[in-house]
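Peer 1: How does the following fold in three dimensions:
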Amino acid sequence: MSRIALAWMLSVAAVAAQMPQWARAAPPSERAAVANPTAGKAAMDLARFHYGNRDYAQAARLFHQAYGLDPVPESLFNAARAEQRAFELDDAERDFRAFLALDAISDESRKRAQVHVTEVQETRARLESE
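Peer 2: Below you'll find the predicted structure:
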């Protein structure tokens, strides 16, 4: 593991340790919006690192953490994509639908999320039929 990755992991761990328990445990839809853009960016950067290394489950957890720290819609969308790649299909669909319920997203982002909801549903149906 590179020094940069280790430094990011330690910084996010330090931020997570300072978060109240309810903010770590509750799903994004139930968290109080206490924006912390700096910590949110650190969590987002670390999540991208894990996503790039195909550690999708860890990336999803960190994208959720980023969303809890700074509720930027991109974090929720990315969490859903990571869950989809990790075959956590129920979680992915839930988060794509939560993303679609947000007011502050573009029409293009809305269309992309809807395509992913359809993909998740089709994947689930294929897996259930096997």
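Peer 1: Can you pull out the low-pLDDT segments for this protein?
Peer 2: For the chain, the stretches flagged by pLDDT under 70 are 1-35.
Peer 1: Give me the most central residue, it.
Peer 2: By C-alpha atoms, centre = their mean, the chain has its centre lying nearest to Ala79, at 2.1 Å.
Peer 1: what about that one, which helix or strand?
Peer 2: Assessed by DSSP states H and E, Ala79 sits inside helix 73-85.
Peer 1: What helices and strands are in contact with that helix?
Peer 2: helix 37-52, helix 56-69, helix 89-100, helix 107-129 (3 or more C-beta pairs under 8 Å, 6 or more residues apart in numbering; DSSP states H and E). No exception for glycine: its C-beta is placed from N, CA and C like everyone else's.
Peer 1: Can you tell me which of those helices is packed in deepest?
Peer 2: Most buried of the helices and strands packed on helix 73-85 by mean neighbour count (mean count of other C-beta atoms under 10 Å) is helix 56-69; its value is a mean of 25.
Peer 1: Only the C-alpha atoms, please, for that one, written as CSV.
Peer 2: Extracted C-alpha coordinates of helix 56-69, given in CSV (Å, rounded to 0.1, in the frame of the first residue of the first chain):
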residue,chain,number,x,y,z
TYR,A,56,-16.5,-2.0,-4.0
ALA,A,57,-17.9,-2.9,-0.6
GLN,A,58,-15.4,-0.6,1.1
ALA,A,59,-15.9,2.1,-1.5
ALA,A,60,-19.7,2.0,-0.9
ARG,A,61,-19.2,2.4,2.9
LEU,A,62,-16.9,5.3,2.3
PHE,A,63,-19.2,7.0,-0.2
HIS,A,64,-21.9,6.7,2.4
GLN,A,65,-19.6,8.2,5.0
ALA,A,66,-18.8,11.1,2.6
TYR,A,67,-22.5,11.6,2.0
GLY,A,68,-23.1,11.7,5.8
LEU,A,69,-20.4,14.3,6.2
